[in-house]
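In: The sequence and its predicted three-dimensional model are supplied below.
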Amino acid sequence: MNSQISRVALAALAMLIALVVATTYWQTWAVAGLEDRQDNAIQRVAQFTIKRGVIYAGDGRTVLATNKQRRVKGRTFYFRRYPSRGLFAHTVGYATQQRSRVGLEQSLNDYLTGANSNLNTVLNTTLDKLRGVTIKGNNVVLTVDPRAQRVALAALAGQCGAIFAVAPRTGAILVSASSPTYDPNAAERNFKLIERIRGACNPASPLLNRATNGRYVPGSTFKVVTAAAAIDSGRYSLASTFNDLGYCIEYGRRVNNYDTSTPFGFVNFVQAMQHSINSVFCDIGKKLGPQLLVEYTKRFGFYSPPPIETPSNERVASGLYRGGRLFEPKNPFQVDPGRLAFGQERLQVTPVQMAMVAAAVAAGGAVLRPHFVDRILATGGRVVTRTKPKELRQAIKPSTAAALTTMMEAVVSGGTGTAAQIPGIRVAGKTGTAETGVNGRNTTSFIAFAPVERPQVAIAVILENQSGTGGKTAAPIARIVMEALLRRGRT
Amino acid sequence: MSARNRELLNLIVVGMITVAGFASVYIARQAEVSSASLSYAGIFLGLYLVAHIVTRICVPNADPYLLPMAGLLTAIGVTEIYRLNPDDAFRQGMWIVVGVALFSFVLFVLRRDYRRLESYKYLFGLTALVLLLLPALPKIGTTVNGARLWVDLGPLQFQPGEFAKIMLIVFLAGYLREKREVLAQGRPKDLGPLLVIWGGAMLVLFQTNDLGSGLLYFGVFLAMLYVATARLTYVAIGGVLFVAGAVGVYQVVGRVQERVSIWLDPWSDPHRDGYQIIQSLYSIANGGYPGTGLGQGTFSTTGGDPLIPYLNTDFIYSALAQELGLIGACALLLVYMLFVARGFRIALLTEDGFSKLAAVGLTFTFALQTFIIVGGILRLIPLTGITLPFVSYGGSSVVANFVLLAGLLLISHRANSLSPQTERGS
Amino acid sequence: MSSVAVEEALLALKIAFLVLLYLFIWRIVRSASRDVRLPQESFMLAPQDAAAAGLGRQTGKLVVLKSSTLAPGSEHFLDSAPLTAGRTSDNDLELASDGFASANHARFQPRRDGVWVEDVGSTNGTFVNGARLSRPRKLATGDVIRIGETDLRFER
């Protein structure tokens, strides 16, 4: 019988070895895949045993996201709290028990949970894990200015729209406001509260980050890009003159100015910009052709999602859209260049992109990568990473930027954007009003930078469902936010 | 060193492991467990000292490793149950006391010659059958977690299947020892008993709604049949018959179908049917290499509600795998392997057919049961709700496994007493 | 207790638990591998090794008194290994044409205290000096053992 017994013994041991192999599989190879699953209740709980990093605003004091410690059945959990509530809701986002995460809470998750590949963090986390102590994430300090943000949100109150402001020379994002906003603390316990938020637009979409994910018709603010193409290509200069008839003929049809009653007659380029004369830009657009215009939009960053730190599904590329999709004209006949030149056609832009245009003009033509994160700190306060200014490209020549500055300053000093004047500070800007044909449904916008001689702020304001013009609605808001930011700069 | 001194030394090591485990749970969960409960560990050690003394008296030549291994497994089990639910651990402790008592009783009664049992083989067979059918009876039979495996006698609830298993092995050892020559000739008319037992296994399968128990009984039967007759064709035929029967049952019984489809794709319904197995896999994965440490695993929500139902019975392995990690889980499986290896070694060393067959049966059922439950948790096979020997929370299982241990020690003692050459080595 | 102290203690206990667990496993594996090196029934020993191990020692002999198979008067020596008797060829004493003997009938088992005989489940029983065996019995010189139709006398 012994040989049979040996065989049965081998069979029994083989079964048990299979268990060792299977256990090894589930505890090594399969781990990563299982941890990522949404229905993983353990990870759902385990994430609260990690002390997520604190997120601070640019002043290093205002806490945007922190943890509340609570002991349940002998275990310590850390629940996320957002003390500044709706102030930076769209940027910071939230992290809930159901493991839905948005905003920087999602995109910086690896840093906030100490799971990033930074050597110092890896070492700390591994030691903590081995010792079974609480894993602490990295703290994050943003670039944003909480005071100016408060001003921006107050100015937007009751309206739908967004404000985005950056420091042109560094790309540091100073303000990113989207209205209506929401309280991220409610995302965990009372999501209905967020769903019930109403605004001056329908749907109010409080969760949508309009500053980076909202697509708007730019209207005349886009004329800055057209002018950049016109001058940078060498076809036009500030001294170029035009004869405004109040309209422009395109494909045999008249394209009217905003106000057709009083044609301006002979004007130069600065005046055309100052008074936002559509017919002039229409003619320029026809001369340049749509492909050159699109080429210049790309130089400013159109056609690629804004390169900021928020999750990729929370930011969208600006450009021509057809059927909800980004589209690039392959031949000149696909796009109407005249209407494109003054920001109509099927052009759609994000506030962040328009702020990048203003910033590029302010920075002598250089496009700097906008960023939210100033520095990431390890538990001991050591800097894990610090964001350095990164120039993406030189969009236009410095001379072109200088010419555009002249034009834009004229807009504020004596054109459509006088509402943006700040006493004692030279402001350059451009208004935009995209008509929908229905009064009260215009999209108005304003882009600007200041001070002209040494720009510290570049801003884009876009408002939905307006009855006035960009100069009357968006420009004053841009002014008070810039004032708040510049006052900060002086102290 | 004598076998019993070695056993004592090993038990001391087990005691140290138990103390380390209990202390770890105690420190990690001070908020919930009282310091008085630390004395559980002490009581536990005392219990094994008693068992050790009984082996010294009754089976001095028996294998010195089986008792410490069983002790280690129960210690790990009680520690984990204690960590999950201190009240359950107290009850489990009581059952271990009962188990050690029955263990001592069996050793004492059968210490001279257990082979007397062979003469009562049919009585054992009949009792096993009755025990197996008990849960099917109205009024006293109850269904727990979908499987009809329980008998409820007011204050006492038990799973008769656990005891039936051991009686069946005694019966089969006696029966096959007697009939092995006839069976080995392989005449069709001798296959009758094979069919009867197959029918029995299918009946159990159908009655209990539990694929695992049927597989367990039939697998043990096939292993013993093979050892007795040396005919692989029987194993093949038996295997085919079982699969055919299982397929038949699959067609009829909804619960079995459900189990199989969950096994094939648990994520098709992750919040209801697949929930248990999926969360159990997450629990295992959460352990990684080093484990979270005893008392520090995640088994409840942030609100304190349990994440996995039946954690300390069916799913105790996934709790252990999380807290002990791959390193600890492999150690646990190694202990099972060594227990099984020692059991088969006894089967090889002992000389008469009855003892060999009984040792094979007892050892193989131990191995197969471990494989069925842990394999089910690890998704090697469809999940069935049977216990992990010595570790899972459950009175019947613990007590029955102590009887199994007693049986192996008796056979081992006899084998070592009879062959002087191996005894000298021990 | 401070939380750091708790964490250190838990880490120490965790390591202690796993180390002890593997120490225990190692002890068993080590002893098992030592067992394998020991002579076992399934091991064939070279004669000189067997002698060295004290296995060749004669413990007694069986003299055939009456048999339909074995030559009367023939002697079968016992050493420390057990000796089996039965009808089939895997027995040491093969009683092929003894119609009353079972396939595996009886076994002679040398123990420390002497040679024991036991019935291994025969149909017709094993008798010592005319008494049917119900349990193993120690043999004394001169005992007559009946297996089927075969009579054997045990001698030292």
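Out: Received it, and whenever you're ready, just let me know what you need. Just so we're clear, the structure is a prediction, and the values are computed from it rather than from any experiment.
In: Can you pull out the low-pLDDT segments for the stretch 151-300 of chain A?
Out: Counting by pLDDT under 70, the stretch 151-300 of chain A has low-confidence residues at A:260-261.
In: ok, 80 please
Out: A:188-190, A:249-262 (pLDDT under 80).
In: pull the longest helix from chain C.
Out: Determined from DSSP state H, the single longest helix within chain C is helix C:3-37.
In: can you give me the helices in chain C?
Out: C:3-37, C:47-52.
In: and those helices, which one's lowest on average pLDDT?
Out: Mean pLDDT is lowest for helix C:47-52 out of the helices of chain C, coming in at a mean of 42.
In: What segments of the stretch 251-400 of chain B are strands?
Out: According to DSSP state E, counting those that start in this stretch, the stretch 251-400 of chain B carries no segments that qualify as strands.
In: tally of neighbours for the closest residue to residue A:455 other than its chain neighbours?
Out: Spatial nearest neighbour of residue A:455, chain neighbours left out: residue A:362 (3.6 Å); criterion: C-beta to C-beta, 6 or more residues apart in numbering or on different chains. Where C-beta positions appear, they are placed from N, C-alpha and C, glycine not excepted. Residues lying near residue A:362 (other C-beta atoms under 10 Å in any protein chain shown) number 29.
In: Now the residue nearest the centre of chain A: closest residue in space that isn't a chain neighbour?
Out: In chain A, the residue lying closest to the centroid (C-alpha atoms, centre = their mean) is residue A:212, at 3.2 Å. Closest residue in space to residue A:212, ignoring its immediate chain neighbours: residue A:315 at 4.1 Å, by C-beta to C-beta, 6+ apart.
In: so how far is residue A:64 from that neighbour?
Out: Here the criterion is C-beta to C-beta, to the nearest Å. By it, residue A:315 lies 19 Å from residue A:64.
In: Settle it for me: which of these two has more neighbours?
Out: Each of residue A:315 and residue A:64 had its neighbours counted (other C-beta under 10 Å), and the higher figure belongs to residue A:64 (25 against 19).
In: Which residues are in contact with the residue nearest to the more buried one when sequence neighbours are not counted?
Out: Excluding its sequence neighbours, the residue lying closest to residue A:64 (C-beta to C-beta, 6+ apart) is residue A:55, at 4.5 Å. Contact analysis of residue A:55 by C-beta atoms under 8 Å, 6 or more residues apart in numbering or on different chains lists A:63, A:64, A:65, A:66, A:92, A:104, A:112, A:139, A:140, A:141, A:142.
In: The longest helix of chain C: which residues count as buried?
Out: By 16 or more other C-beta atoms under 10 Å in any protein chain shown, the buried positions in helix C:3-37 come out as C:7, C:10-11, C:13-14, C:16-18, C:20-22, C:24-25, C:27-28, C:31, C:35.
In: same deal with stretch B:288-295?
Out: Within stretch B:288-295, judged by 16+ other C-beta under 10 Å, the buried ones are B:288, B:290, B:291, B:292, B:293, B:294, B:295.
In: How about stretch C:91-102?
Out: C:91, C:93, C:94, C:95, C:98, C:100, C:101, C:102.
In: and what of stretch A:151-170?
Out: For stretch A:151-170, by 16+ other C-beta under 10 Å, it's A:151-153, A:155-156, A:159-170.
In: how far out from the middle of the chain is it?
Out: Computed by C-alpha atoms, centre = their mean, to the nearest Å, the chain-centroid distance of stretch A:151-170 equals 11 Å.
In: mind saving the C-alpha coords of that stretch as CSV?
Out: The C-alpha trace of stretch A:151-170 is given here as CSV (Å, rounded to 0.1, in the frame of the first residue of the first chain):
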residue,chain,number,x,y,z
VAL,A,151,-13.0,89.3,-4.0
ALA,A,152,-13.5,87.4,-7.3
LEU,A,153,-16.1,85.1,-6.0
ALA,A,154,-18.0,88.0,-4.4
ALA,A,155,-17.9,89.8,-7.7
LEU,A,156,-19.3,86.8,-9.5
ALA,A,157,-21.9,86.2,-6.9
GLY,A,158,-25.3,85.6,-8.4
GLN,A,159,-23.9,85.1,-11.9
CYS,A,160,-22.5,82.3,-13.9
GLY,A,161,-19.0,82.6,-15.1
ALA,A,162,-15.3,82.4,-14.2
ILE,A,163,-12.3,84.4,-13.4
PHE,A,164,-8.8,83.2,-14.0
ALA,A,165,-5.7,85.2,-13.1
VAL,A,166,-2.0,84.4,-13.4
ALA,A,167,1.3,86.0,-12.8
PRO,A,168,2.6,86.5,-16.4
ARG,A,169,6.3,86.1,-15.7
THR,A,170,6.0,82.9,-13.7
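In: Now the residue nearest to the centre of chain A: which helix or strand?
Out: helix A:210-213 (DSSP states H and E).
In: next helix or strand past that helix?
Out: As assigned by DSSP H and E, the chain's next helix or strand after helix A:210-213 is helix A:223-232.
In: Which strands and helices lie in contact with whichever helix or strand comes after that following helix?
Out: As assigned by DSSP H and E, the chain's next helix or strand after helix A:223-232 is strand A:241-244. Helices and strands touching strand A:241-244, by 3 or more C-beta pairs under 8 Å, 6 or more residues apart in numbering or on different chains; DSSP states H and E, are strand A:265-268, helix A:269-274, helix A:278-288.
In: Give the pairing partners of strand A:241-244; include direction for each.
Out: strand A:265-268 (antiparallel) (DSSP bridges).
In: Go through the residues of the stretch 101-250 of chain B and report the one nearest to chain C.
Out: Across the stretch 101-250 of chain B, the shortest distance to chain C (C-beta to the nearest C-beta) belongs to residue B:181, at 5.2 Å.
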